[in-house]
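J.: the following block contains a protein sequence and its predicted model.
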Amino acid sequence: MNTTRILLLGLALALAACTPSKNGLKKVLEENPDIVFDVIKDNPLMFLETANEAARNAQTKQREKQQEDEQKALEDELKNPKEPKIEDSYATLGPEDAPITIVEYSDFMCGYCAKGYQTIKSLKEKYDGKIRFVYKHMPILSDISRTAAQYFEAIAKIDAEKAYKFHDHIFQNQGELRSKREKFLEEATRKAGANLAKVKKMLDDEDINAKIDADMSEGRGFGFSGTPGFLVNGVSLRGAYPQAKFEEIFDRLGVL
């Protein structure tokens, strides 16, 4: 009889003699860890199936908890919406009295933000005249992210509509931003119809950089650690959610 069988027999006899305590079982296994390892070696397929099933169950429970947490947060924010600062200096799209205001915290270099751009574009087309959109900055990915934010705000000082033409061109051609960097920002500025020389003189303005810093601080204060993050009438969405998720919030708000 090999060592494993002897140990297993001893363990079985010990368990048969009385009701084992948790500490007693733990002590036996700590003193004889080879029991566990040998059983795994002798039954590798059963072990893998059990481990995989446990992993699947853990993932399912994690998803369920995440959904429960998100639903709870949604209910809480419907009652107590977050209040982003939207001053006159912010470039906005859409009517000021629109029933829906969407504020986005974004990075021009972020691939998920490009997906978010497409979703917002689709929503604005579907709910024409009913959405006010405000673009805010969380340039967290690279130095060119912040430079792009500076260009946007400099153009916005001249003409908000041109700033959003710049915004659209960047997200429609994001690969060029990654490859050409500031050269592409210059091209996008011209494409938007803004005076490049005037814009470049404004890039280091204190108020522009203070505004970007304030956007980042506000976004983090609302719990956005990555991009994109959205506030829909003060209700937060963390990530590039599909259009249906935004419309679910519209329905819950009951304002359309």
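T.: Now that the structure is in, tell me what you want to look at.

J.: can you check which helix is longest in this structure?
T.: What stands out as the longest helix in the chain, according to DSSP state H, is helix 44-79.

J.: give me the contacts around stretch 79-89.
T.: If you take CB atoms under 8 Å, 6 or more residues apart in numbering as the criterion, stretch 79-89 is touched by 92, 101, 103, 134, 136, 211, 214, 218, 222, 231, 233-236. Where C-beta positions appear, they are placed from N, C-alpha and C, glycine not excepted.

J.: how far does that stretch stretch from one end to the other?
T.: End-to-end distance for stretch 79-89: 28 Å, by CA to CA, to the nearest Å.

J.: hang on, the earlier thing: give the rounded mean pLDDT of the longest helix of the chain.
T.: For helix 44-79, mean pLDDT rounds to 77.

J.: in it, what's buried?
T.: Going by neighbour count (16 or more other CB atoms under 10 Å), the buried part of helix 44-79 is 74, 77.

J.: phi, psi of residue 139?
T.: When quoted as degrees, to the nearest 10, the phi and psi of residue 139 stand at phi -80, psi 80.

J.: what's the distance between the nearest residue to it once chain neighbours are set aside and residue 166?
T.: Using CB to CB, 6 or more residues apart in numbering and skipping the chain neighbours, the partner closest in space to residue 139 is residue 145 (3.5 Å). Distance from residue 145 to residue 166, counting by CB to CB, to the nearest Å: 15 Å.

J.: more neighbours: which of these two?
T.: residue 166 (27 against 21; other CB atoms under 10 Å).

J.: host element of that one?
T.: Taking DSSP states H and E as the definition, residue 166 sits inside helix 160-172.
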